[in-house]
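Visitor: structure, please.
(2 chains)
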There are 2 protein chains.
Amino acid sequence: MVQDRMRRVAIDMDEVMADTMAHYLQRYNEEFGQSLTTTDFHGRFVFEVIDAAHRERVREYFEQEEFFAGIPVMPGSQDVVQELTERYEVFITTAAMDVPCSFTAKFFWLQQHFPFISTKNIVFCGDKSIIAADYMIDDNVRHLRNFRGEGILYTAPHNIYEQAFRRVDNWQDVRRLFLDR
Amino acid sequence: MVQDRMRRVAIDMDEVMADTMAHYLQRYNEEFGQSLTTTDFHGRFVFEVIDAAHRERVREYFEQEEFFAGIPVMPGSQDVVQELTERYEVFITTAAMDVPCSFTAKFFWLQQHFPFISTKNIVFCGDKSIIAADYMIDDNVRHLRNFRGEGILYTAPHNIYEQAFRRVDNWQDVRRLFLDR
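Guide: A predicted model of the protein is given here:
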């Protein structure tokens, strides 16, 4: 008896499984005595919002391995990703090539918070058009546009005005979309 | 005027662009006073050949970042990969997830020896079935079997008895196959 092959879901890390923005906003506000919130970033990327004078310093956050180690898990992602692995082939596909120091930290972050994901199913890449999967959950429309399968946009402040992709606002939405059927 | 899209070639690092075996054989022979050559590995993987008592030590080679930095470039690969980039989309696809300490070393090895490859086109993965490309040049039949495009087997001692894939013995063969037409 031949079963249909499992459908494959590629899931992004930053702003999808990892609440990277919460982490650097907290750090930025502490360091510069500001009170930026996610609403300040609606429709804009981080370097369009923060003071030009601070940009270099914020770039430095991302050049420190311990920055990545401290990023909190996106609420609900652990449970839902684990449930997804029961019905889908799950790959973690993260654009890591811009920040070489992040490789090891990202790998161990996944091992720590998502230990049920096989290391074979982790992909560090740059251009996500290289990913062969049926679905891709990502906060970055650029990656979804280059993807050959069906792109699902995970809501993040910078993408809230995007209209081109089916959208999920949180991990409960992911559960409904992928598991309640 | 719409042009046909460029065909995409995924190229493996170890034993294809990087002469990893030459590097660890030299180190092993020096350390243990032996004179193993590549012929001793025909049809077999490294851990099937070396003394059981030395296996742990050889595993340690691969846990040191400087080991990767010292690996020589496979003869001819630089010229031919550069020529390939003129007619194909070239991605470097390397199974790095078994050896987390290799990420950064592999990245900088590529920057040093193949500076014309965009970092966006580098992929660190485990299971290469995730790669979306037209061709894959790899020494490992397991990766080629999982690949959805056309697999090209790059000759290495361990794979010389494999019959299932079109084979290239060296980078001049790659040039003939991909560029002389």
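
Visitor: near chain B, which residues of chain A?
Guide: Within chain A, the positions near chain B by Cβ under 8 Å from any Cβ of the partner chain are A:8, A:10, A:91, A:93, A:96-98, A:100-101, A:103-104, A:107-108, A:118-127, A:129-133, A:148. (Glycine included, C-beta is placed from N, CA and C.)

Visitor: from these, list the buried ones, please.
Guide: The neighbour count (16 or more other Cβ atoms under 10 Å in any protein chain shown) marks A:8, A:10, A:91, A:93, A:96-97, A:100-101, A:103-104, A:107, A:119-127, A:129-133 as buried among the residues of chain A next to chain B.

Visitor: and the longest strand for chain A?
Guide: Using DSSP state E to define each element, chain A has its longest strand at strand A:89-95.

Visitor: what lines up beside it in the sheet?
Guide: Sheet pairing of strand A:89-95 (DSSP bridges) gives strand A:8-11 (parallel), strand A:122-125 (parallel).

Visitor: quick one: average confidence on the last one?
Guide: What it means is strand A:122-125. For strand A:122-125, the mean per-residue pLDDT is 96.

Visitor: sheet-wise, list the partners of the helix or strand just after it with their directions.
Guide: Next along the chain after strand A:122-125, taking DSSP states H and E as the criterion, comes strand A:135-138. Using DSSP bridges, the strands paired with strand A:135-138 in its sheet are strand A:8-11 (parallel), strand A:150-154 (parallel).

Visitor: grab the CA positions of the last one and hand them over as PDB.
Guide: Extracted C-alpha coordinates of strand A:150-154, given in PDB (Å, rounded to 0.1, in the frame of the first residue of the first chain):
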ATOM      1  CA  GLU A 150       3.100  28.100  -1.700                       C
ATOM      2  CA  GLY A 151       4.300  30.900   0.500                       C
ATOM      3  CA  ILE A 152       2.600  31.700   3.800                       C
ATOM      4  CA  LEU A 153       3.500  35.100   5.300                       C
ATOM      5  CA  TYR A 154       4.100  35.200   9.000                       C
END
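
Visitor: could you pull out the buried residues of it?
Guide: The neighbour-count check on strand A:150-154 (16+ other Cβ under 10 Å) flags A:Gly151, A:Ile152, A:Leu153, A:Tyr154 as buried.

Visitor: and the third one, what does it touch?
Guide: Read it as A:Leu153. A:Leu153 is in contact with A:Asp138, A:Asp139, A:Val141, A:Leu144, A:Asn159, A:Glu162, A:Ala164, A:Phe165, A:Arg166, A:Arg167, A:Val168, counting by Cβ atoms under 8 Å, 6 or more residues apart in numbering or on different chains.

Visitor: closest to A:Glu63 among those residues?
Guide: Checking the contacts of A:Leu153 against A:Glu63 with Cβ to Cβ, the nearest one is A:Asp139 at 21.5 Å.

Visitor: quick one, what contacts that closest one?
Guide: A:Asp139 neighbours (Cβ under 8 Å, 6+ apart): A:Asp12, A:Asp14, A:Glu15, A:Val16, A:Leu153, A:Tyr154, A:Thr155, A:Ala156, A:His158, A:Asn159.

Visitor: burial of the first one, as a residue count?
Guide: Using other Cβ atoms under 10 Å in any protein chain shown, A:Asp12 has 21 other residues around it.

Visitor: now it: closest residue in space, sequence neighbours ignored.
Guide: Nearest residue to A:Asp12, sequence neighbours excluded (Cβ to Cβ, 6 or more residues apart in numbering or on different chains): A:Asp138, at 4.1 Å.

Visitor: can you read off the pLDDT for the closest residue to A:Ile152 other than its chain neighbours?
Guide: Distances taken as Cβ to Cβ, 6+ apart put A:Ile137 closest to A:Ile152, at 4.7 Å, once the chain neighbours are dropped. Among the per-residue scores, A:Ile137 holds a pLDDT of 98.
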